[in-house]
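# Mind folding the following:
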Amino acid sequence: MRKAFLILPFILFGCLLLGSFNCARKTADDHFRAGTRFFAQGSYDEAIQEYKKAIEIDPNHVNSHLNLGAVYARTGMFEEAKKEYEFVLMLNNMHIKAHYNLGMLLAREGKKEEAKEHYEFLKSVSPTFADTLLKFIERN
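Reported below is the predicted structural model:
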């Protein structure tokens with residue numbers, strides 16, 4: 001019994017120590033929020049790093065993939081952006097922003113028929129996004 005009392009402080013200290021390490025770890029959402037702040041500030045390299053860290057923690061973090069695609073598109077990395085949007089659609093084929101963003105990229109490349117497929121989807125779920133996409137397709 002006495003040995004138990006002697007060991008107990010060490011066990012408690014170990015639990016507290018391990019708990020503090022877990023508290024210090026950033027989550028995928030933490031990295032996503034940091035990436036979003038960097039993106040808003042125009043710090044694209046830092047945003048990319050943060051979104052990639054979020055994805056490393058949670059490979060299916062939809063919002064990180066979506067925003068990573070947006071950063072890639074903003075910086076002219078269109079193929080990488082398309083891959084991110086396609087991945088989002090693989091995870092959730094009903095994702096409105098992924099359909100819209102991918103449609104915009106395809107229209108920009110002159111792939112109007114492929115872009116119109118995304119317009120057709122959007123027409124029934126988000127007429128505002130659909131109208132904006134269609135106008136962009138027709139202009140390009």
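# drop to CA atoms for contacts and neighbour counts, all remaining ones
Will do.
# how close does T27 get to I48?
16 Å (Cα to Cα, to the nearest Å).
# Please point out which parts of stretch 68-77 sit buried.
Of all the residues in stretch 68-77, those buried under the rule 16 or more other Cα atoms under 10 Å are L68, G69, A70, V71, Y72, A73.
# Other residues contacting it?
39, 44, 47-48, 51-52, 78, 80-85, 101, 105 (Cα atoms under 8 Å, 6 or more residues apart in numbering).
# Now which of the residues you listed would you call buried?
Using 16+ other Cα under 10 Å as the burial test, the contacts of stretch 68-77 include 39, 44, 47-48, 51-52, 78, 80-82, 84-85, 101, 105 as buried.
# closest to H61 among the contacts of stretch 68-77?
Using Cα to Cα, Y51 comes nearest to H61 of the contacts of stretch 68-77, at 9.2 Å.
# State the helix or strand in which that closest one lies.
Element membership of Y51, judged by DSSP states H and E, is helix 44-57.
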